[in-house]
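Asker: mind folding the following:
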Amino acid sequence: MAKLGKRLTDSIKKVDRDAFYKLEDAVTLLKGLPKAKFDETIEIAMNLGIDPRHADQMVRGVVNLPNGTGKTVRVAVFVRPGPKADEALAAGADIVGGDDLAEKILAGNIDFDRCIASPDMMGVVGKLGKVLGPRGLMPNPKLGTVTPDVAGAVKAAKAGAVEFRAEKTGIVHAGVGKASFSEEALVQNIRAFVDAIGRAKPTGAKGQYIEKVSLSSTMGPGLKLDLATLAAQA
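Answerer: Okay, the predicted model is just below:
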């Protein structure tokens, strides 16, 4: 068994693994743990009472975190040359293209975190499903990444829009900020994310919907949250 580093060992000693922390207390504790050599991501994991194998129990969507993610997001946009392409670039798109961009992607050059497409480009983008789909990068109208307003979608992605999707086990994972964020900013982001999951409750979900929620930093131990302090949907 691998030996734990001193920093993680010290962090674990400060955490009661059996306790259910109030959200604000959990954030305070996380920020007070021994620091890593980089700005860690604060991550949330939510166990949902769903079976995503059924179409009416799938949880998927996008949420705009009020304080952003703290992560630099590279955005690729499929759009025809002209005003729309210029608008996408002005909004901060890192890559703009059409058939040329599709060829780069098929060749394995995927150096972006979010992919947006105007509706008239889906004939080109549709051929990339087997490449972009498994990476969670396929543009989707339900997520606002297939839209005539490519500039608005780029701005949203750059500002901290976070896509979420339940895994086969019914768990949703996401980064909700950085350890360097203020406690208030992290609490606001976490509440916004939990609220979005609540609003995305599928019609087929029965019984308790949000079952467990935990927070952790990239290199730190997990803290279980008291559901009553999160949101009414819990």
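
Asker: where does pLDDT dip in the protein?
Answerer: 1-14, 16, 231-234 (pLDDT under 70).

Asker: for it, what's the longest helix?
Answerer: Criterion DSSP state H: the longest helix present in the chain is helix 183-199.

Asker: count of residues packed around the closest residue to Lys201 other than its chain neighbours?
Answerer: In space, and not counting its chain neighbours, Lys201 is closest to Tyr209: 5.2 Å by C-beta to C-beta, 6 or more residues apart in numbering. All C-beta atoms are positioned from the backbone trio N, CA, C, and that covers glycine. Per other C-beta atoms under 10 Å, the neighbour tally for Tyr209 reads 18.

Asker: okay, strands next: where are they in this structure?
Answerer: 20-21, 41-48, 60-64, 75-78, 95-97, 114-117, 161-165, 171-178, 210-217, 223-225 (DSSP state E).

Asker: how much space separates the residue nearest to Lys201 from Val125?
Answerer: 33 Å (C-beta to C-beta, to the nearest Å).

Asker: thinking again about what came up before, in the longest helix of the chain, what's buried?
Answerer: Buried residues in helix 183-199, defined by neighbour count with 16 or more other C-beta atoms under 10 Å: 185-194, 196-197.

Asker: same question for stretch 125-144.
Answerer: Buried residues in stretch 125-144, counted by 16+ other C-beta under 10 Å: 125, 128, 131-132, 137-140, 143-144.

Asker: ok, the residues you listed vs Val59, which is closest?
Answerer: Proximity to Val59 was ranked across those by C-beta to C-beta; first place goes to Leu143, at 12.6 Å.

Asker: list the contacts for that closest one?
Answerer: 60-62, 163 (C-beta atoms under 8 Å, 6 or more residues apart in numbering).

Asker: swap in Thr145?
Answerer: 114-117, 139, 153.

Asker: what do you get for Val77?
Answerer: Per C-beta under 8 Å, 6+ apart, neighbours of Val77: 85, 88, 93, 95-97, 115-118, 150, 154.

Asker: ok, now with 10 Å
Answerer: 84-85, 87-89, 91, 93-98, 101, 112, 114-118, 121, 139, 145, 150-151, 153-154, 157 (C-beta atoms under 10 Å, 6 or more residues apart in numbering).

Asker: how much space between it and Gly152?
Answerer: 12 Å.

Asker: need the overlap of contacts for the two.
Answerer: Counting by C-beta under 10 Å, 6+ apart, the common neighbours of Val77 and Gly152 are 87-88, 91, 116.

Asker: can you add distance to Leu225 and neighbour count and give these back as CSV?
Answerer: Formatted as CSV, these follow (distance: C-beta to C-beta, whole Å; neighbours: other C-beta atoms under 10 Å):
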residue, distance to Leu225, neighbour count
Glu87, 41, 18
Ala88, 38, 26
Ala91, 35, 20
Ile116, 33, 30
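
Asker: can you pick out the most distant pair from these?
Answerer: Glu87 and Ile116 (11.7 Å).

Asker: identify the contacts common to these two.
Answerer: Counting by C-beta under 10 Å, 6+ apart, the contacts common to Glu87 and Ile116 are 77, 79, 93, 96, 149-152, 154.
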